[in-house]
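Visitor: Structure, please.
(one chain, ligands or ions: 1)
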Amino acid sequence: MHLFSPFARARTTACAIVAVLAGLLPGAAAAQSITFFYVAPTATVKAGFGAVAPADTGLFDVGYAHVRITAANEAKFKAAAPANLGKTFDALKAGTRLRNRVNQILRISGGLTDVTVALVDDRTGITAGSRFADMPRGDGVLYVWPAASVSARLGNGRYRGFIGLGTTAADSISSKWPGLWLAWEGTIQHEMSHTQFVNEKTKWGSVNIVYGGDGNHWISELLGEQELTFEEGLGTFFGLVDNPDWSRRALVPFWQNADGRYDLESWSVLAGTAELWNAPHTEVRQTPPTPPPTPGGEYAVRTYKWQDVPGFYIQFNENTSTAFHYFFWSFANANKDSAFAMIRRSASAMSQDRRKRYLSYAVNRLSLQLEDFAATPAGAAAKSAGTLTSSMFPYALLDVLTHFGMSDADFQRECRADNPDRTPKAFTDYWTRRAAVRALVQPHLTADPIRIQDAVQAVHDYFRTPDTILATGP
Ligand SMILES: [Zn+2]
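Guide: Numbers count the residues shown, from 1 in each chain. Alright, predicted model coming up:
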């Protein structure tokens with residue numbers, strides 16, 4: 001059976017852009033403030049607000065001006081701006097569901113990042129030299145693609161994040177993507193999470209190397225490293241927690257698909273890995289997108305089935321990080337709020353250091369938190385009530401998502417390479433149970449469509465029995 005999701009090959013909602021506006025724009029230094037700017041063609045800003053200072057023109061793009069949105073000029077902004085920009089501004093006001101969620105996300109790095117949000121009327125198009133990530137419309141005109149960047153540490157010890165949100169993307173995403181307006185809010189949640197991962201973003205120094213020759217990253221793509229891939233997938237998790245349509249219509253169908261679902265470009269880093277490149281595949285020839293980020297001729301895109309991708313390399317797809325956190329959040333300790341808090345603490349441990357942004361490190365951080373909680377009086381009570389999840393569950397969950405495709409030695413090396421400061425007891429005990437767990441779920445993993453939810457359920461049922469609960473304090 002062929003399961004098709006129209007979103008399986010959608011471009012993902014963001015990239016970490018290189019240009020940073022830190023220092024160019026004012027911002028309060030209060031904890032995790034969010035500052036809004038309205039950015040529009042200069043004539044539009046003049047018509048809506050009267051005169052525009054010369055310093056406020058041309059900063060974001062040629063022909064564009066900007067004005068900071070305050071309570072004093074909010075009405076003028078609403079009158080001048082396209083409806084979805086005003087709606088976005090309102091959705092991010094203090095006290096809203098979205099703002100409360102964003103505030104949680106903005107505490108991952110300790111509340112040290114102030115965010116500037118540019119709300120852009122990009123209906124007449126932007127130039128390739130703008131401050132924004134861009135994407136061509138069908139007619140080739142560029143519009144603002146939602147993207148985030150974050151500055152180096154500033155003199156005051158804080159960071160400045162910058163997010164560009166255009167009305168073209170807001171209109172499109174809120175009318176087409178699973179969850180509609182919630183998908184747009186999820187996009188904002190995703191972008192906000194990018195501002196929490198500071199310092200080096202990628203081991204290659206350039207996102208274009210991670211993304212391959214087309215300069216884009218796709219939900220289906222096997223990318224050039226694990227770190228930025230992990231961050232992208234985690235951001236998508238943060239975007240779906242309030243949008244159940246995303247998991248129902250995009251994430252789970254992707255994981256049920258037993259046909260070809262992973263793409264790898266011949267211009268990509270992993271194309272040099274024979275074990276992956278030559279795994280069973282189909283191939284199409286493509287020409288670079290227009291306008292091409294890299295001049296060049298025809299290139300190949302190979303497509304692989306999940307079971308044909310060697311398990312280790314499944315970690316190079318961002319939907320693995322999304323699914324790992326989604327299933328942990330859905331199951332762990334039968335409490336999504338506490339699981340969400342565990343994921344935020346896990347992310348905090350990675351926020352400063354690119355070399356911690358690995359699925360195996362998330363396994364370590366979540367496993368430790370499950371053991372630490374199990375050692376508390378509340379944990380003991382939860383164990384009696386049968387609602388505790390074993391600290392071995394994160395290991396088994398990564399195993400399920402990589403179809404148990406890593407050897408014991410490879411999986412253990414991956415965990416040790418992250419240099420965790422503590423090792424959970426689960427890291428000792430899991431390996432004696434691994435073969436039994438694998439046998440338990442194998443019929444689900446080899447089915448077509450893949451019974452991914454049944455597999456995770458079975459693994460969680462196994463790791464909920466009292467003999468699997470491990471409790472160790474720090
Ligand atoms: Zn992103």
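Visitor: can you give me the strands in the chain?
Guide: Taking DSSP state E, the strands of the chain run over residues 34-41, 64-68, 113-120, 134-136, 142-144, 147-150, 159-166, 260-265, 282-286, 299-305.
Visitor: in the last one, what's buried?
Guide: What that stands for is strand 299-305. Going by neighbour count (16 or more other C-beta atoms under 10 Å), the buried part of strand 299-305 is Tyr299, Val301, Arg302, Thr303, Tyr304, Lys305. C-beta coordinates here come from the backbone N, C-alpha and C atoms, glycine included.
Visitor: closest one to the ion among the strands of the chain?
Guide: strand 147-150 (6.9 Å; C-beta to the ion).
Visitor: wait, does that closest one make contact with the ion?
Guide: No: with C-beta under 5 Å from the ion as the measure, strand 147-150 is seen stopping short of the ion, the closest distance being 6.9 Å.
Visitor: Identify the bridge partners of Pro41.
Guide: According to DSSP bridges, the residues that bridge with Pro41 are Tyr64.
Visitor: Dump the worst-scoring helix or strand of the chain on mean pLDDT to CSV, restricted to CA.
Guide: Across the helices and strands of the chain, the lowest-confidence element by mean pLDDT, DSSP states H and E is helix 207-211, at a mean of 83. The C-alpha coordinates for helix 207-211 follow below in CSV (Å, rounded to 0.1, in the frame of the first residue of the first chain):
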residue,chain,number,x,y,z
VAL,A,207,24.3,25.8,6.2
ASN,A,208,24.6,25.4,2.4
ILE,A,209,27.1,22.6,2.9
VAL,A,210,24.7,20.9,5.3
TYR,A,211,21.8,21.3,2.9
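Visitor: Against which helices or strands is it packed?
Guide: Taking 3 or more C-beta pairs under 8 Å, 6 or more residues apart in numbering; DSSP states H and E as contact, the helices and strands that helix 207-211 lies on are helix 227-240.
Visitor: Which other helices and strands does the helix it packs on contact?
Guide: For helix 227-240, the elements it packs on are helix 181-194, helix 207-211, helix 244-246, helix 318-331, helix 336-350, judged by 3+ C-beta pairs under 8 Å, 6+ apart.
Visitor: tell me which parts of the stretch 201-350 of the chain are close to the ion?
Guide: Residues of the stretch 201-350 of the chain found near the ion (C-beta under 5 Å from the ion) are Glu232, Gly235.
Visitor: for the stretch 201-350 of the chain, which spans come out with low pLDDT?
Guide: Under the criterion of pLDDT under 70, the regions of the stretch 201-350 of the chain flagged as low confidence span 288-296.
Visitor: now do 80
Guide: Within the stretch 201-350 of the chain, the segments meeting pLDDT under 80 span 213-216, 287-297.
Visitor: Over to the stretch 351-474 of the chain?
Guide: Within the stretch 351-474 of the chain, the stretches with pLDDT under 80 are 473-474.
Visitor: Run through the residues that contact the residue in it that the ion sits nearest to.
Guide: Of all residues in the stretch 351-474 of the chain, Arg357 sits closest to the ion, with a separation of 12.8 Å (C-beta to the ion). With contacts defined as C-beta atoms under 8 Å, 6 or more residues apart in numbering, Arg357 is in contact with Phe197, Gln226, Glu227, Leu228, Phe230, Glu231, Met350.
Visitor: what's near enough to touch the fifth one?
Guide: Think Phe230. Counting by C-beta under 8 Å, 6+ apart, Phe230 touches Gln315, Glu318, Ser321, Arg357, Tyr358, Leu359, Ala362.
Visitor: Of the residues you listed, which is the nearest to Ala31?
Guide: The closest of the contacts of Phe230 to Ala31 turns out to be Arg357 (C-beta to C-beta; 24.2 Å).
Visitor: where does the closest one sit relative to Gly86, distance-wise?
Guide: When C-beta to C-beta, to the nearest Å is applied, the distance between Arg357 and Gly86 equals 35 Å.
Visitor: ditto for Arg416
Guide: For Arg416, the distance to Gly86 under the criterion C-beta to C-beta works out to 51 Å.
Visitor: Which of those two has more residues huddled nearby?
Guide: For Arg416 and Gly86, the more surrounded residue by other C-beta atoms under 10 Å is Gly86, and the numbers stand at 19 against 13.
Visitor: doesn't Ala80 make contact with the more buried one?
Guide: No: judged on C-beta atoms under 8 Å, Gly86 makes no contact with Ala80 at a distance of 9.2 Å.
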